[in-house]
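Visitor: Starting from these lines, generate the structure:
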Amino acid sequence: MATTLPVYRLIMTNVSALFPYAVLALIVLCIILGRVALPVFSRLWLLALLVVPMAAVVAGTTTSVVASAIVGIKVALLIGLSPFVIRYFALQDRHFVRRSLTGFLAVQTFSALAGLVQVTGVRILGRAANSGRANGLAVHPNVLGIMCALAIIVCIAALPRAHGSRRLVLLAVGTINVAALLATGSLSSLMAAVIGVAVLLVCMRITLRAALLVIGGATAAFVVLSTFGYDTTVLTGSVEQRIDVVTGVSDGVASLDVRERTYDFAWQSISDDPLTGVGMDGVNEATFDGSTVVHNYLLRGWYQGGLLLFAVLLAFTVAMIALIFRCLRRAQDGIPAATIAAMLTFAATSAFYDQQQYWLPILAAAAVIAPATRSTQQRRQPKRARSSTPTRTLPTLRTPTPVTGKSTV
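Guide: Got it, this is the predicted structure:
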């Protein structure tokens with residue numbers, strides 16, 4: 001499944017629009033076959049499984065109960081069940097995480113290369129750049145951008161202990177994804193990458209030497225590209241062009257103003273009816289202009305799904321932030337923590353709602369982090385408060401470093 005994330009929308013548009021249903025069917029099949037294990041925040045996932053369909057039915061009363069319920073059930077199955085399945089496979093196969101991330105990196109890097117070719121004017125698989133912004137094989141610049149951000153996180157995490165040819169491969173893969181991220185011009189993805197990498201570096205307790213290695217490698221790669229005639233201003237030009245569009249410099253219509261109008265429209269609708277929502281289906285997702293959606297997952301959840309959906313998303317957000325701080329404090333699980341941080345940042349300024357390619361990375365990241373065991377909780381207590389009775393502990397997961405498999409993060 002990890003290998004399909006970078007090309008998820010390409011599969012939907014070129015192969016079958018039923019692909020999301022196939023993913024859900026696979027998750028449900030694993031549940032039926034008993035391929036489950038308790039992930040962190042298991043009660044939260046079960047709460048989402050029950051409450052999200054209820055929110056969809058309530059929201060659908062204003063438009064179409066059936067259409068809204070279909071979306072709600074799909075979201076509930078994804079959020080409520082996938083962490084249990086992912087946790088099971090992570091526990092059963094100690095190479096599960098490493099193999100998943102390696103497959104993701106391979107497909108994503110190919111997509112990033114396609115995006116770099118697109119910005120030079122060449123069409124890849126019939127697809128050209130989107131107004132000068134790279135699409136890669138992700139179909140949309142924002143999707144390619146966030147996938148590049150996740151790939152960069154994985155590369156940085158694996159780089160310090162890689163040696164020889166593996167280090168060169170990681171440097172090359174990381175550089176390609178950095179270049180593709182710039183070529184997308186996605187400001188949301190850029191912010192997500194910065195926040196995600198910052199969390200990762202703190203979790204890793206990164207040294208100055210390692211940080212300089214990453215910066216030096218990226219700089220050297222761009223020098224090599226320039227030496228061989230690649231116009232690197234094509235990459236920075238996409239970001240500059242996007243900033244001009246957002247601020248209204250290019251055509252006088254600021255993208256930022258448009259988003260603020262969607263926020264105002266959604267908030268006015270919430271103020272008029274804070275309980276119900278307008279419906280979770282796609283027919284009701286548009287705001288003031290009949291086409292633009294709310295680019296904030298909490299506000300959009302409340303606008304479309306009502307107070308119940310907002311409460312679930314808010315609880316989810318608080319839990320994920322708590323999980324990030326737990327990883328920062330313990331200096332472990334750097335890749336999952338950075339992934340969660342990046343995806344939350346992206347969700348705050350993008351059309352993050354019911355898309356599986358956005359939900360699966362953050363759900364998977366949370367699922368591979370081991371829940372706090374009873375023995376862990378006892379170690380935090382004073383010695384005199386501990387019981388002399390031995391306790392049984394749940395199995396814990398050490399997340400292998402992707403690609404190299406020689407270290408844990």
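
Visitor: residues touching the residue lying closest to residue 35 once chain neighbours are set aside, list them.
Guide: Residue nearest to residue 35 in three dimensions, not counting chain neighbours: residue 88, with 4.9 Å by C-beta to C-beta, 6 or more residues apart in numbering. The C-beta positions use only the backbone N, C-alpha and C, and glycine is treated the same way. When contacts are counted by C-beta atoms under 8 Å, 6 or more residues apart in numbering, residue 88 touches 30, 35, 36, 37.

Visitor: Repeat that for residue 19.
Guide: 8, 11, 12.

Visitor: Tell me which helix or strand the second one sits in.
Guide: Secondary structure assignment for residue 11, by DSSP states H and E: helix 8-14.

Visitor: So which elements touch that helix?
Guide: helix 19-32, helix 356-368 (3 or more C-beta pairs under 8 Å, 6 or more residues apart in numbering; DSSP states H and E).

Visitor: Can you mark which positions in that helix are buried?
Guide: Going by neighbour count (16 or more other C-beta atoms under 10 Å), the buried part of helix 8-14 is 8, 9, 10, 11, 12.

Visitor: between the residues you listed, which is nearest residue 126?
Guide: The closest of the buried residues of helix 8-14 to residue 126 turns out to be residue 10 (C-beta to C-beta; 10.8 Å).

Visitor: Let me see the contact set for that closest one.
Guide: Residue 10 touches 125, 137, 138, 139, counting by C-beta under 8 Å, 6+ apart.

Visitor: pretty sure the third one is in contact with residue 111, am I right?
Guide: Translated: residue 138. Yes. Look at residue 138 against residue 111 with C-beta atoms under 8 Å: they come within range, at 5.7 Å.

Visitor: Now the common contact residues for those two.
Guide: Counting by C-beta under 8 Å, 6+ apart, the residues touching both residue 138 and residue 111 are 6, 7, 144, 147.

Visitor: Among those, name the ones in strands.
Guide: In strands, judged by DSSP state E, none of the shared contacts of residue 138 and residue 111 are found.

Visitor: returning to what we had before: mind putting the helices and strands packed on helix 8-14 into TSV with distance to residue 344 and mean pLDDT?
Guide: What follows is those, written out as TSV (distance: least, C-beta to C-beta, whole Å; pLDDT from 0 to 100):
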stretch	distance to residue 344	mean pLDDT
helix 19-32	22	95
helix 356-368	7	95
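
Visitor: most neighbours per residue, which of those helices?
Guide: helix 356-368 (a mean of 23; mean count of other C-beta atoms under 10 Å).

Visitor: which outside residues touch that helix?
Guide: So helix 356-368 is in contact with 1-2, 5, 8-9, 20, 23, 39-41, 75, 78-79, 82-84, 86-87, 90, 97, 100, 143, 146, 150, 320, 323, 333, 335-337, 339-340, 343-344, 346-347, 350, 352, 397, 399, going by C-beta under 8 Å, 6+ apart.

Visitor: try 6 Å
Guide: 5, 8, 20, 23, 39, 78, 82-83, 86-87, 90, 97, 336, 339-340, 343, 352, 399 (C-beta atoms under 6 Å, 6 or more residues apart in numbering).

Visitor: Check stretch 125-142 too.
Guide: Contacts of stretch 125-142 (C-beta under 6 Å, 6+ apart): 6-7, 9-10, 111-112, 114-115, 118-119, 144, 180, 183-186, 238, 241, 350.

Visitor: Now for this protein, the helix or strand with the poorest mean pLDDT.
Guide: The weakest-scoring helix or strand in the chain, judged by mean pLDDT, DSSP states H and E, is helix 374-379 (a mean of 50).

Visitor: Could you measure from the residue sitting nearest the centre point of the chain over to residue 106?
Guide: In the chain, the C-alpha closest to the average C-alpha coordinate belongs to residue 343, at a distance of 3.8 Å (C-alpha atoms, centre = their mean). For residue 343, the distance to residue 106 (C-beta to C-beta, to the nearest Å) stands at 21 Å.

Visitor: Over to residue 219?
Guide: On the measure of C-beta to C-beta, residue 219 and residue 106 end up 25 Å apart.

Visitor: Show me which of those two is the more surrounded one.
Guide: Legend: neighbour count by other C-beta atoms under 10 Å for residue 219 and residue 106, higher for residue 106 (15 against 11).

Visitor: ok, the nearest residue to that one once chain neighbours are set aside - how many residues close by?
Guide: Nearest non-adjacent residue to residue 106, counting by C-beta to C-beta, 6+ apart: residue 3, 7.2 Å away. Neighbours of residue 3 under the rule other C-beta under 10 Å: 15.

Visitor: same deal with residue 46?
Guide: Neighbour number of residue 46 under other C-beta under 10 Å is 14.

Visitor: Give me the contacts around the helix or strand hosting residue 55.
Guide: Using DSSP H and E, residue 55 maps to helix 42-60. Applying C-beta under 6 Å, 6+ apart, the contact partners of helix 42-60 are 65, 68-69, 72-73, 75-76, 79-80, 83, 276-277, 279-280, 305-306, 308-309, 312, 319.

Visitor: Helices - which of those land there?
Guide: Per DSSP state H, helices hold the following members of these: 65, 68-69, 72-73, 75-76, 79-80, 83, 305-306, 308-309, 312, 319.

Visitor: Among those residues, find me the one that's closest to residue 372.
Guide: residue 319 (12.8 Å).

Visitor: Could you identify which of the contacts of residue 88 has the most neighbours?
Guide: Of the contacts of residue 88, with other C-beta under 10 Å as the count, residue 37 tops at 20 neighbours.

Visitor: hmm, back to that, got the CA coordinates for the helix holding residue 11 in PDB?
Guide: Presented in PDB, the C-alpha positions along helix 8-14 are these (Å, rounded to 0.1, in the frame of the first residue of the first chain):
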ATOM      1  CA  TYR A   8      -2.700   7.100  -5.800                       C
ATOM      2  CA  ARG A   9      -4.600   9.700  -7.900                       C
ATOM      3  CA  LEU A  10      -3.000   8.400 -11.000                       C
ATOM      4  CA  ILE A  11      -4.400   4.900 -10.300                       C
ATOM      5  CA  MET A  12      -7.800   6.400  -9.600                       C
ATOM      6  CA  THR A  13      -7.900   8.400 -12.900                       C
ATOM      7  CA  ASN A  14      -6.100   6.000 -15.200                       C
END
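
Visitor: For stretch 59-68, buried residues please.
Guide: 59, 60, 64, 65, 67, 68.

Visitor: Could you dump the buried residues of helix 8-14 into JSON lines with pLDDT added?
Guide: Output for these, formatted as JSON lines (pLDDT from 0 to 100):
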{"residue": "8", "pLDDT": "93"}
{"residue": "9", "pLDDT": "91"}
{"residue": "10", "pLDDT": "91"}
{"residue": "11", "pLDDT": "92"}
{"residue": "12", "pLDDT": "90"}
